[in-house]
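> Have a look; sequence and predicted model below, questions after that.
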Amino acid sequence: MGVSLWLRRLAWATLVANILLIVTGGAVRLTGSGLGCPTWPRCTDSSFTPHGTIGPHQFVEFGNRTLTFVLVAISVATFVAARQDARRLGRSDLLRLSLVLALAIPAQAVLGGITVLTDLNPWVVSLHLIISLAIVSTAVLFLHRLDHPPVAPATGVVPGLAWTTYAVTWLVLYAGTTVTGSGPHAGDASSPRNGLDPLQVSQFHADLVFLLIGLTVGMWFALRATGGDVRPVVALAAVEVLQAAIGFIQYFAGLPVAVVMLHMLGAGLVVATATWLLVTVNAAPRPHTVAAARPRGAVR
C-alpha cells in the first residue's frame, strides 16, 4: 500500500511550479521589471494591482507575484493530501516535508518583498534565488520520500562523495548569483550592483563548475564499481554539460536575455538532479541489510 496518486501528482506539480517560478523570476530581472511594482505587499502605494496605464514592466512583475498564489494553492493541496496519506500509512515524515514546502512559499514571498523594498539589492536578490533553489531541492526529496521511507544517513566513501558533490553544487550556484550581481541585468536601471569584478567572479564560477563536473565523473565510476544506480549521476552530468555550454554561450554572446533565461532553468535542473543523486545514494541498500536478508545457510 503506497501513497495516493493524488499526492504523487501534487508532489510533481510542486517541483515543476517552483522551477517555473525561478524562470519567471529571472524574466522579471532580465526585462528590467524588478520595480514594475515599486513597493510591497501592494503593487503601488494605493493598490495591490497595477492601475492606470499598465506597461510591460508592471505586467511582468505583477504576473510573477500572481504566480505565488498558484504555488500557495498547490502547497496547501499537497499538505492536505499528505496529511491524509500520513494518517493512512503512518508516515509523519511526509506531513513534515509538505509543511516545510507549504511554509516556504509565503516566506519566499516576504523575501521577494524585501528585495523590492531594498531596490533590488544584489545580495538580497541572490538569497531570493538560493531559497527558491532550496525549495526545489526539498521538493525532490519529498518526491523521493513518497516511495522511500526515511533511513539513517549512509556512511562510507560513496555517500561521502555524494555529499561533497551536493555541497559543491551549492557553491557553484551561489557563485553564479554573484556573477549575476556583478553584471548588467540588475532588474532595474537604478538598482545597484555588488561591485565585484565580473571577469574574476566568472572565472571563479567556471573553476567551480569544472570541479563539480570532475566530482560527478568520479561519482559515476564509484557507482559503477559498487553496483549502484547510475541514472541520477548520468542525468546530473548531462544537465551540467548543457548548463556549462549555455553559460559559455551567454558570456561570450554578451548575455542575451533568452540564453540567460535558459541558464536560470538549468540552475533549477542542476539542483534537482544533484538532490536526486544524493537521496538515491543515501537510500541504497546497506551491505549489512543485504546480508541480514539472506536465509541462514545460504552460500555467501
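Yep, that arrived.

> Could you measure from residue 132 over to residue 96?
21 Å (CB to CB, to the nearest Å). Quick note: C-beta positions are derived from backbone N, CA and C, even for glycine.

> between those two, who's got more neighbours?
Between residue 132 and residue 96, counted using other CB atoms under 10 Å, the more crowded position is residue 132 (23 against 15).

> Give me the secondary structure label for that one.
Residue 132 carries the three-state label helix when classified by DSSP: H, G, I helix; E, B strand; the rest coil.

> In contact with the closest residue to it other than its chain neighbours, which residues are there?
Ranked by CB to CB, 6 or more residues apart in numbering and with sequence neighbours excluded, the top spatial neighbour of residue 132 is residue 22, at 5.1 Å. Each residue near residue 22 by CB atoms under 8 Å, 6 or more residues apart in numbering is listed here: 129, 132-133, 136, 264-265, 267-268.

> How about residue 13?
Residues in contact with residue 13 (CB under 8 Å, 6+ apart) are 74, 78.

> 6 Å - rerun?
Contacts for residue 13 were tallied using CB atoms under 6 Å, 6 or more residues apart in numbering; they are residue 74.

> From residue 66, how far off is the residue nearest to residue 114 when sequence neighbours are not counted?
Distance criterion CB to CB, 6+ apart; nearest residue to residue 114, sequence neighbours excluded, is residue 124 at 5.9 Å. Counting by CB to CB, the gap from residue 124 to residue 66 is 21 Å.

> Looking at those two, which has the bigger crowd around it?
Neighbour totals were compared for residue 124 and residue 66, and residue 124 leads with 17 against 11 (other CB under 10 Å).

> Go through stretch 126-143 and flag the buried ones.
Within stretch 126-143, the residues scored as buried using 16 or more other CB atoms under 10 Å are 126-130, 132-143.

> And stretch 172-185, by the same measure?
Within stretch 172-185, the residues scored as buried using 16+ other CB under 10 Å are 172-183, 185.

> re the thing from before, among the contacts of residue 22, which lie within helices?
When the contacts of residue 22 are checked against helices (DSSP state H), the matches are 129, 132-133, 136, 264-265, 267-268.

> Make sure residue 159 is indeed in a helix.
Yes: judged by three-state DSSP, residue 159 forms part of a helix.

> In the stretch 1-150 of the chain, what residue spans correspond to helices?
Along the stretch 1-150 of the chain, the stretches classed as helices by DSSP state H, counting those that start in this stretch are 5-30, 56-89, 92-117, 122-145.

> list the contacts for the residue nearest to residue 114?
Contacts of residue 124 by CB under 6 Å, 6+ apart are 114-115, 118.

> For these, pick the one with the most neighbours.
Going by other CB under 10 Å, residue 115 tops the contacts of residue 124 with 26 neighbours.

> Next one: the nearest residue in space to that one that is not next to it in sequence from residue 98, what distance?
Once flanking residues are discounted, residue 115 sits nearest to residue 124: 4.8 Å by CB to CB, 6+ apart. Distance of residue 124 to residue 98, given as CB to CB: 28 Å.

> How about residue 116?
Taking CB to CB, one finds residue 116 at 29 Å from residue 98.

> Between these two, which is the more surrounded one?
Using other CB under 10 Å as the criterion, residue 116 and residue 98 rank with residue 98 on top: 28 against 22.

> So for the more buried one, what's the pLDDT?
At residue 98, the pLDDT value in this model is 96.

> What sits closest to it if chain neighbours are left out?
residue 82 (3.7 Å).
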